[in-house]
Every structure is written in structure tokens, then in C-alpha cells.
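1. Below are the sequence and a predicted model; questions follow.
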Amino acid sequence: MNPVSSTGHKSVDIGVSANPELVDKFCYSGDIVCLDEDANADVKVRIQNGWNKFRQLVSLLTNMHISLILL
């Protein structure tokens, strides 16, 4: 693979006649990867994922009839 610089963006020659889409950010393995290296987007997504998981488990976590020993 040969990195090629064009208009400030780096691209990689993958050796086929593919035309990959250039995007500003994308999600990879749960992380937000940004062109401008903005960490705020990644932090916001992690916080949102944490709250979503909490909302899924809130009935279990707040149930007074379940023993903490079982958890």
C-alpha cells in the first residue's frame, strides 16, 4: 500500500478500481474516528452508549426485591 497525499487528505492505493467514500467521521469498534481529530464526538458517543445501557438495566438495578448477593 502506498500512501498518497492529495489536497491535504491522505489516501491509500488499494490496487483495485474501487471508489471509497470520503467521510468526515465514522464509527470503528465503538470509537468515533474524526478527520479533524475531535475527541468530543467520541466522548459524546461513549456517554450516550453508557446511558442507553443504564436505561436498559434500570429496572434490574433499582429493583428493591433483588438481593445484592445475586448481582
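-> Noted; the coordinates are in hand. Bear in mind that the values here come from a model prediction, so they are computed numbers and not experimental data.
2. What separation do you get for the residue lying farthest from the centre of the chain and L35?
-> Most distant from the centre of the chain: H65, at 35.9 Å, with distances by Cα atoms, centre = their mean. Taking Cβ to Cβ, to the nearest Å as the measure, H65 falls 50 Å from L35. C-betas here are computed from N, CA, C, even on glycine.
3. The residue nearest the centre of the chain and K25: what is the separation?
-> Centroid-nearest residue in the chain, with Cα atoms, centre = their mean: D31, separated by 2.8 Å. To K25, D31 is 10 Å away according to Cβ to Cβ.
4. Any regions of the protein where pLDDT drops low?
-> 1-12, 30, 37-38, 68, 70-71 (pLDDT under 70).
5. Please enumerate the helices of it.
-> For the chain, helices defined by DSSP state H occupy the ranges 39-61.
6. Look up how far S59 lies from the residue farthest from the centre of the chain.
-> Computed as Cβ to Cβ, the H65 to S59 distance reads 11 Å.
7. do D36 as well
-> The value you get for D36 to S59, if Cβ to Cβ is used, is 40 Å.
8. which residues does the closest residue in space to D42 that isn't next to it in sequence contact?
-> Leaving aside its chain neighbours, D42 sits nearest to I32 (4.3 Å; criterion: Cβ to Cβ, 6 or more residues apart in numbering). The contact partners of I32, by Cβ atoms under 8 Å, 6 or more residues apart in numbering, come to K25, F26, A41, D42, V45.
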